[in-house]
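> Kindly generate the corresponding structure for this input.
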Amino acid sequence: MKHSFFALISRMRYIGRWGLMRNSLPENIQEHSHMVAVIAHSLAVIGHDVYGKSCSPEKCAAAALYHDASEILTGDLPTPIKYHDEAIRTSYKEIEKNACKKLLTFLPDEIRASYEPLLLEDDPEIYAYVKAADKLAALIKCIEERKAGNNEFLSAEAQILEILKKNPLPEVGYFMQNFIPSFELTLDELGAIN
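Numbering: from 1, shown residues only. Take a look at the predicted model:
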């Protein structure tokens, strides 16, 4: 029997993000998931190397790669709807969980258990890093849109910045202080940093 899990995963590139916003730089969930994985990995490295935590950068990166996989089946529900109230938020989380369970059925039985923690992440530490990385990636998207002259993202940028400032992980503050400012620079300015 043929298994279609990875063919479905490859379709993440067809699912656009920020559906209610005018985008100067369109982004799909495959691109987004890569950036979230890079950032989640870095947050765990910072946690380990700077703050002495025993987190796994590899597990965080892998979980981040699949954090929006449910959207292959559900699509990307716009944030104002997804978080409108607690009932919708709870219902949508259940829909996402069911979509991930469905995706797992497209894997061979002998490897399915290895993918369950990636699609149905329940480790609170890994979840915290992935969630923080997701917000940091959203902030970066807002900065890039603003730099492209798109004021559509100004409100989202301010809201996300406030959420990140309240994040209890010191790794988030470290990342924001040391890395976010460089997203304001041009390519020539980035080269001048070295």
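> hang on, Ile29 packs against Asp76?
Yes: if you go by C-beta atoms under 8 Å, Ile29 and Asp76 touch, sitting 6.4 Å apart. All C-beta spots, glycine's among them, are computed from the backbone N, C-alpha and C.
> which residue is nearest the centroid of this structure?
Central residue check for the chain by C-alpha atoms, centre = their mean: the C-alpha nearest the mean position is that of Asp134, 3.2 Å away.
> thinking again about what came up before, mutual contacts of Ile29 and Asp76, please.
Shared contacts of Ile29 and Asp76, defined by C-beta atoms under 8 Å, 6 or more residues apart in numbering, comprise Ile15, Gly16, Arg17, Asp68.
> how about the nearest residue to Ser4 once chain neighbours are set aside, what does it touch?
Nearest non-adjacent residue to Ser4, counting by C-beta to C-beta, 6 or more residues apart in numbering: Phe106, 4.9 Å away. The contact partners of Phe106, taken as C-beta under 8 Å, 6+ apart, are His3, Ser4, Phe5, Leu8.
> Buried ones among these?
Buried subset of the contacts of Phe106 (neighbour count, 16 or more other C-beta atoms under 10 Å): Phe5.
> Can you redo the contacts of Phe106 as a markdown table, where the extra columns are pLDDT and secondary structure?
Formatted as a markdown table, these follow (pLDDT from 0 to 100; DSSP: H, G, I helix; E, B strand; the rest coil):
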| residue | pLDDT | secondary structure |
| --- | --- | --- |
| His3 | 92 | coil |
| Ser4 | 95 | coil |
| Phe5 | 96 | helix |
| Leu8 | 96 | helix |
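> Distance to Ala61 added to the contacts of Phe106, as TSV?
TSV is the format used below for the contacts of Phe106 (distance: C-beta to C-beta, whole Å):
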residue	distance to Ala61
His3	24
Ser4	24
Phe5	19
Leu8	20
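> ok, so of the contacts of Phe106, who is nearest Lys101?
Phe5 (12.6 Å; C-beta to C-beta).
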